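> any chance you could fold what I've pasted below:
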Amino acid sequence: AYEFEKNIDFGYTPDDRRTFAEYAAYCLEVRKRRGDKPQTIDVVTRQIARINEYIGHIRVVDIRPQHLNELYKKLAEPGKNPRRMYATPKVNFRELIGETTIKSFAEAAGVGKTTVVDLCNGRTVTIQTAEKIEKYLNRKDIFKHTNANKGLSTTTIRDYHATISSILHQAYKEMIVTYNAAERATLPKMQKVRESKTLQPEEIQAVIDALNTEPVSLKTLIMFLMCTGCRRGEAVALTWDKVNWNKGEVLIDSSAGYTTTDGIITGSTKTGKARIVALPPELMEQLRTYRQWQMEERTALYDAWEPSNLVFTRWNGQILNPSTVNRELSEFCKRHALPHINPHLFRHSAASILISNGVDVLSVSQMLGHSSVSMTLNVYSHALEESRQKTAAAVSDVILQQKRA
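The predicted structure follows:
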């Protein structure tokens, strides 16, 4: 009673009745008002929904470190990672849909046409997609789940912790609690960061050779990702007015993303900073060829083409879903028997090749759009080591030989 009265004297409100779920919803609105990116709000909203399953009913003033320790333990248990779980059809999906067209079935079930094509070919889909189809067909015997024994990774749990900590910190600032319980919780030990995988020179050459048989649109997109190291969302949001044909440069100042509430949206880059990236002559020539092709397509489609100034679009001029870039790359690799490649692998490869070949870290950091040079140093330490070895070899070959001469 004494502590309770003392806290009230200091201005705290230890009798606040709001639960964590109620206060988290309030904090989410605060983040929206201060201008957090929609993608961030989307991620945090999903995190809070999961957190509320465990501690949402507890009053904010009653949350203790042990509550959070127990939460982190449960999140690591098998089966707690639905985003890493997939569903594989147990039946012949082509026979299942019968006379119905793929397009009609996709629209009726509320899934994408490409998804239905994948299922007809026996490929996996997300658990959420499988649930939609099962609900539409009113059946529970169509899919089998894979990776069902996966728990959340240490990195993901720490992300959840950061969200909880920000909410409790807001409560501390508003004098609802006397301390942030998240600061006293015990986090799972951070796993050793794996060295970023990069494409080897022979693998890059195999990709270049394979591109010669691909449509001009896909060829240009992959070449752009390979040569610029930009993020997929930055490529999707790129417009033709950002290409400087005279200087051979491109301005990267926006990015596209997807949220469950608003669909595809565009905004600033991940760091909020714009940057200029120089393009090699081969890529500039490919962009000219591609632009001419796009103008011809636009004319041929006439009213079916939706006016936009976007560089990379869907067949009808609409903006691409960033996830489409991953799917196109995956299909490209399958067609040419190449190892699986995602857009970020091109980003890592471009940075590693440049650094290991002597390009200074500041230039590489600016090209990638990193928030700081230290981030580039941390991520590409292996390439820096290779660059240092080349420097030592150069000292030996040039300086010491000259001295001996």
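
> and the host helix or strand of E29, what's buried?
According to DSSP states H and E, E29 maps onto helix 20-34. Going by neighbour count (16 or more other Cβ atoms under 10 Å), the buried part of helix 20-34 is F20, A21, E22, Y23, A24, A25, C27, L28, R31. Glycine gets a C-beta too; all of them are placed from N, C-alpha and C.

> would JSON lines of those with pLDDT and distance to C230 be doable?
Listed next are the buried residues of helix 20-34 as JSON lines, based on pLDDT from 0 to 100; distance: Cβ to Cβ, whole Å:
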{"residue": "F20", "pLDDT": "97", "distance to C230": "39"}
{"residue": "A21", "pLDDT": "97", "distance to C230": "39"}
{"residue": "E22", "pLDDT": "96", "distance to C230": "41"}
{"residue": "Y23", "pLDDT": "96", "distance to C230": "39"}
{"residue": "A24", "pLDDT": "97", "distance to C230": "34"}
{"residue": "A25", "pLDDT": "97", "distance to C230": "36"}
{"residue": "C27", "pLDDT": "96", "distance to C230": "33"}
{"residue": "L28", "pLDDT": "96", "distance to C230": "30"}
{"residue": "R31", "pLDDT": "94", "distance to C230": "27"}
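
> quick check: end-to-end length of stretch 172-188?
24 Å (Cα to Cα, to the nearest Å).

> now T146, which residues is it bridged with?
Y86 (DSSP bridges).

> can you tell me how far it sits from I127?
For T146, the distance to I127 (Cβ to Cβ, to the nearest Å) stands at 10 Å.

> equivalent analysis for E296, please.
42 Å.

> these two: which is more packed in?
Taking neighbours as other Cβ atoms under 10 Å, E296 and I127 compare with I127 leading, 19 against 10.

> flag every buried residue along stretch 39-59.
For stretch 39-59, by 16+ other Cβ under 10 Å, it's 39, 41-42, 44-45, 47-48, 50-52, 54-56, 59.

> JSON lines please, covering those residues and showing secondary structure, distance to A256 and pLDDT.
As requested, the buried residues of stretch 39-59 are exported to JSON lines (DSSP: H, G, I helix; E, B strand; the rest coil; distance: Cβ to Cβ, whole Å; pLDDT from 0 to 100):
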{"residue": "Q39", "secondary structure": "helix", "distance to A256": "10", "pLDDT": "88"}
{"residue": "I41", "secondary structure": "helix", "distance to A256": "16", "pLDDT": "93"}
{"residue": "D42", "secondary structure": "helix", "distance to A256": "14", "pLDDT": "91"}
{"residue": "V44", "secondary structure": "helix", "distance to A256": "19", "pLDDT": "95"}
{"residue": "T45", "secondary structure": "helix", "distance to A256": "19", "pLDDT": "95"}
{"residue": "Q47", "secondary structure": "helix", "distance to A256": "22", "pLDDT": "94"}
{"residue": "I48", "secondary structure": "helix", "distance to A256": "24", "pLDDT": "96"}
{"residue": "R50", "secondary structure": "helix", "distance to A256": "26", "pLDDT": "91"}
{"residue": "I51", "secondary structure": "helix", "distance to A256": "28", "pLDDT": "95"}
{"residue": "N52", "secondary structure": "helix", "distance to A256": "30", "pLDDT": "96"}
{"residue": "Y54", "secondary structure": "helix", "distance to A256": "33", "pLDDT": "94"}
{"residue": "I55", "secondary structure": "helix", "distance to A256": "34", "pLDDT": "96"}
{"residue": "G56", "secondary structure": "coil", "distance to A256": "32", "pLDDT": "96"}
{"residue": "R59", "secondary structure": "strand", "distance to A256": "40", "pLDDT": "94"}
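
> can you tell me the element the closest residue in space to N244 that isn't next to it in sequence falls in?
Spatial nearest neighbour of N244, excluding adjacent residues (Cβ to Cβ, 6 or more residues apart in numbering): V250 at 7.0 Å. Using DSSP H and E, V250 falls within strand 249-252.

> which outside residues touch that strand?
By Cβ atoms under 8 Å, 6 or more residues apart in numbering, the surrounding residues in contact with strand 249-252 are 228, 230, 234, 238, 242-244, 269, 274-279, 369.

> repeat that for stretch 300-313.
The contact list for stretch 300-313, computed with Cβ under 8 Å, 6+ apart, reads 217, 220-221, 224, 235-241, 243, 287, 294, 297-298, 316-320.

> from the residues you listed, which land in strands?
V243 (DSSP state E).

> drop anything exposed from the contacts of stretch 300-313.
217, 220-221, 224, 235-238, 243, 287, 294, 297-298, 317, 319-320.

> can you flag which of these belong to helices?
Within the buried ones among the contacts of stretch 300-313, residues falling in helices by DSSP state H are S217, T220, L221, F224, A235, V236, A237, L287, Q294, E297, R298.

> which of those sits closest to A350?
Nearest to A350 out of those is F224 (Cβ to Cβ; 11.1 Å).

> so who does L238 touch?
V250, I252, S254, L310, V311, F312.

> I'd guessed the third one sits against K270; true?
No. In this structure S254 lies outside contact range of K270 using Cβ atoms under 8 Å: 10.8 Å.

> just give me the neighbour total for C333.
16.

> so which strand or helix has it?
Take DSSP H and E as the rule and C333 turns out to sit in helix 322-335.

> buried sites along that helix?
Buried residues in helix 322-335 (16+ other Cβ under 10 Å): P322, T324, V325, E328, L329, F332, C333.

> which strands or helices does it pack on?
helix 216-228, helix 232-237, strand 255-259, helix 343-356 (3 or more Cβ pairs under 8 Å, 6 or more residues apart in numbering; DSSP states H and E).

> okay if I get these as a markdown table plus distance to K189?
Listed next are these as a markdown table, based on distance: least, Cβ to Cβ, whole Å:
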| stretch | distance to K189 |
| --- | --- |
| helix 216-228 | 35 |
| helix 232-237 | 31 |
| strand 255-259 | 31 |
| helix 343-356 | 25 |
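
> tell me which of the ones you listed sits nearest to E134.
With respect to E134, and counting by Cβ to Cβ, the nearest of these is strand 255-259 at 23.6 Å.

> please tell me how far R33 sits from I41.
11 Å.

> S330 reaches H340, doesn't it?
Yes. Shown here, S330 and H340 form a contact pair, counting by Cβ under 8 Å, at 6.7 Å.

> what's around D15, how many residues?
Using other Cβ under 10 Å, D15 has 11 other residues around it.

> quick revisit: so what touches the helix holding E29?
18, 40-41, 44-45, 48, 51-52, 55-60, 63, 166-167, 170-171, 176.

> all set, thanks.
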